[in-house]
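# coords please:
(chains A, B, C and D)
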There are 2 protein chains.
Amino acid sequence: MRTAGRPTLEAVARRAGVSRATVSRVVNGSTTVAEEIREAVHRAVAELGYVPNLAARSLVTQRTDSIALVMPEDANRVFSDDQFFPGIIRGVSQELEAADKQLVLMLAGSPAGRERVARYTTGRHVDGVLFASLHAADPLPALLAQLGIPVVCNGRPLDGAGLPYVDVDHVGGVSRAVQHLIDGGRRRIATIAGPSDMVAGIERLAGYRQTVAAAGLAERVATGDFTRESGAAAMRDLLDRHPDLDAVFVASDLMAQAALRTLREAGRRVPDDVAVIGFDDTETAAYTEPPLTTVRQPIQEIGRQMTRQLLRLAAGETVEPALVLSTELIRRDSA
Amino acid sequence: MRTAGRPTLEAVARRAGVSRATVSRVVNGSTTVAEEIREAVHRAVAELGYVPNLAARSLVTQRTDSIALVMPEDANRVFSDDQFFPGIIRGVSQELEAADKQLVLMLAGSPAGRERVARYTTGRHVDGVLFASLHAADPLPALLAQLGIPVVCNGRPLDGAGLPYVDVDHVGGVSRAVQHLIDGGRRRIATIAGPSDMVAGIERLAGYRQTVAAAGLAERVATGDFTRESGAAAMRDLLDRHPDLDAVFVASDLMAQAALRTLREAGRRVPDDVAVIGFDDTETAAYTEPPLTTVRQPIQEIGRQMTRQLLRLAAGETVEPALVLSTELIRRDSA
DNA sequence: GATCTTCGGGAGAGCGCTCTCTTGACATGC
DNA sequence: GCATGTCAAGAGAGCGCTCTCCCGAAGATC
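Below is the predicted model of the structure:
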């Protein structure tokens, strides 16, 4: 593919009757250029349709003006319809747009994919890396941080590395939900927890445990992986083991949707016999039968804040190590 | 940010005792290098942890090894939970991974965003551009094609420009769905169509019209925009205007989900009084009340095929102008 | 009026890589 | 034995940009 006379700085300079350096100054917004010259340059740029060659710029500035967003390809959260993935991306995208930087999206599912991500990011082909929804302890974020490459995670890194992260207040949100169940007179409150190798799974379970314990109630725990199928299975499991339960806090809306169906099939009325509360406030939540009471988390805002933190790091500023966003209990009919 | 002694080709060459050119040959997989020398270079690369500087490479090769995926930020399809967005991305990502190229994701919602996308893509900062789910006639794809930049669209471009595209067989899928309703004895079949400025909306409506007309039945059309809210409104509208309807083909599962609820609220039983068929086969479809019969489309495969076509174009090959993937009727309980 | 600042603008050196061209070593042909 | 062909490896010229000097003109200072 030939560039076919794509104009260069040189061409603009000739046209405007100035030097390359001056054009560069104008293009990059330097103030030390006389008004008339600046205008002449702008005119030449417009006439020629000049667009800077980013590769050339990167080569000398050592910046790429792009950041990577790494998501685990196999995560159910990412490819189910819980809107986590689009929400994060939208948030990230908005902030990057404001900063005029590009978003390079990388899915790290397979070992090969992970290796590829490692190679690409450690190779400094991006100015910073955002990790979303990490599974277990991934060594890559810490490695990058060690190499001096800006990194921000979604959710506290499980290996305890002191990397900056952004997350929602899982524990607080869940506590409010469970307390709502208790206030409604429920006493045999179960939970369907998320996977124990993900922060969201761990923290939401912790929130349930704390609140239930504080009220002097017994725990009833089943575990899923945030998907509907796992939610249905966990609900059946709970009904088997604790047929007397009168409420369930479910760690994701998707699992809650399946739990509602399982309860219906088992002849339990919601909320009369069993109250159900989910987590996420996905769009579907308002359309379940009955509409789902749930804990709303500001997914898009997570993406935005992660990006802002990352851009600050990339600019050499320091950031607070943790940013925790609040959640809100959305009351519908299921509890 | 200093590169802090990040090794260059030069360093590897010195270490291996060869010239820069030879290292380049080895790194890029040339065969005309003696075995022992190749090994020495590989050893030096490993010892130094050398990673090629992509900016430098791009500067001379005029390739960027990355492609852009442009999505309309405001599209409901993108940011609702119909999995269109993640599905496409996953497909694109898989193919790009195989080709060792990067995915630059751009959301073109606002006019400013569109301008930004235009600037970036026409500036040849990517080797090709994928357009997903275009609204109305967007001049950008044709412009890019004219500039010689490879472009592939999802769905036939509405302005009739002969750009290569990949899509599913909307008409065929819908025909099968409507025929299924007819075969089931339904005669007063309505439809909730998608937006008339999107290919998916137009084609699905066309499929309905053709099939209904071929059977000598009357049309009953309401229009939505693929979202749940619009689906509920359209369903109410249909019930008002055609209280006698005995079936509805709904152009998206999300709208169908809302339609199911509206029908329930109106006291109509599904499928006894009214049969309902959706389109998409999103995950939610299996969890509606009753489970939704729907037309499945291979979203991920669309992403893969778009990418393959684009990579072919970028490699200078020619591709067939249209690739149409087939759909499948998934029978559940709603029809 | 001579010297010193200040500041706008130009010259030119790379950034790290690829790729063409060239060289040198060796095999082959007459 | 010399010319010719073959092929591996090196030399070196940029790709388009930024940025550090450096220069010269204009204003300030005494």
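
# Within range of DNA strand C, give me the residues from the stretch 51-200 of chain A.
The stretch 51-200 of chain A comes close to DNA strand C at residues A:56, A:59, A:60, as judged by CB under 7 Å from any atom of the strand. Every C-beta, even on glycine, is put in place using the N, C-alpha and C of the backbone.

# same thing but 10 Å
Contact residues, the stretch 51-200 of chain A versus DNA strand C (CB under 10 Å from any atom of the strand): A:55, A:56, A:57, A:58, A:59, A:60, A:61, A:62, A:123.

# what's near enough to touch the spatially most central residue of chain A?
Nearest residue to the geometric centre of chain A (CA atoms, centre = their mean): residue A:88, 4.2 Å. Listed by CB atoms under 8 Å, 6 or more residues apart in numbering or on different chains, the contact set of residue A:88 reads A:69, A:71, A:132, A:154, A:299, A:300, A:302, A:303, A:306.

# Over to residue A:206?
A:170, A:171, A:174.

# Near the closest residue to the first one other than its chain neighbours, how many other residues are there?
What it means is residue A:170. With sequence-adjacent residues excluded and distances taken as CB to CB, 6 or more residues apart in numbering or on different chains, residue A:170 is closest to residue A:203, at 3.6 Å. Neighbourhood size, residue A:203 [other CB atoms under 10 Å in any protein chain shown]: 22.

# and if you look at residue A:94?
Neighbours of residue A:94 using other CB under 10 Å come to 18.

# Let's see the pLDDT reported for it.
In this model, residue A:94 is scored at 92, pLDDT.

# Break chain A into its domains for me.
Residue ranges for the domains of chain A, per automatic domain parsing: A:9-52, A:66-167+A:299-326, A:170-296.

# How far off centre is the longest one?
Read it as domain A:66-167+A:299-326. Relative to the centre of its chain, domain A:66-167+A:299-326 is centred 8 Å away, using CA atoms, centre = their mean, to the nearest Å.

# How about the shortest one?
Average the C-alpha atoms of domain A:9-52, do the same for its chain, and the two points are 40 Å apart (CA atoms, centre = their mean).

# can you pull out the helices in chain A?
A:9-16, A:20-27, A:35-48, A:54-61, A:76-79, A:84-99, A:111-122, A:139-146, A:170-183, A:199-214, A:228-241, A:253-265, A:299-314 (DSSP state H).

# Quickly check: the last one near DNA strand D or not.
Spelled out, it's helix A:299-314. No: remark: helix A:299-314 sits outside contact range of DNA strand D, by CB under 10 Å from any atom of the strand, the gap being at least 14.5 Å.

# near chain B, which residues of the stretch 151-300 of chain A?
For the stretch 151-300 of chain A, the residues in contact with chain B (CB under 8 Å from any CB of the partner chain) are A:228, A:254, A:257, A:258, A:261, A:282, A:283, A:284, A:286, A:287, A:289.

# The same query, at a cut-off of 7 Å, please.
A:228, A:257, A:258, A:261, A:282, A:283, A:284, A:287, A:289 (CB under 7 Å from any CB of the partner chain).

# Is it possible to get these out as JSON lines so that each row also shows neighbour count?
What follows is those, written out as JSON lines (neighbours: other CB atoms under 10 Å in any protein chain shown):
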{"residue": "A:228", "neighbour count": "25"}
{"residue": "A:257", "neighbour count": "27"}
{"residue": "A:258", "neighbour count": "27"}
{"residue": "A:261", "neighbour count": "21"}
{"residue": "A:282", "neighbour count": "28"}
{"residue": "A:283", "neighbour count": "21"}
{"residue": "A:284", "neighbour count": "28"}
{"residue": "A:287", "neighbour count": "22"}
{"residue": "A:289", "neighbour count": "18"}
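
# Out of these, give me the two with the largest separation.
The largest separation in those, counting by CB to CB, is between A:261 and A:283 at 17.5 Å.

# confidence score at the closest residue to residue A:38 other than its chain neighbours?
The shortest distance from residue A:38 to any non-neighbouring residue, by CB to CB, 6+ apart, is to residue A:26 (5.2 Å). Residue A:26 is assigned 87 on the pLDDT scale.

# Sounds good, over and out.
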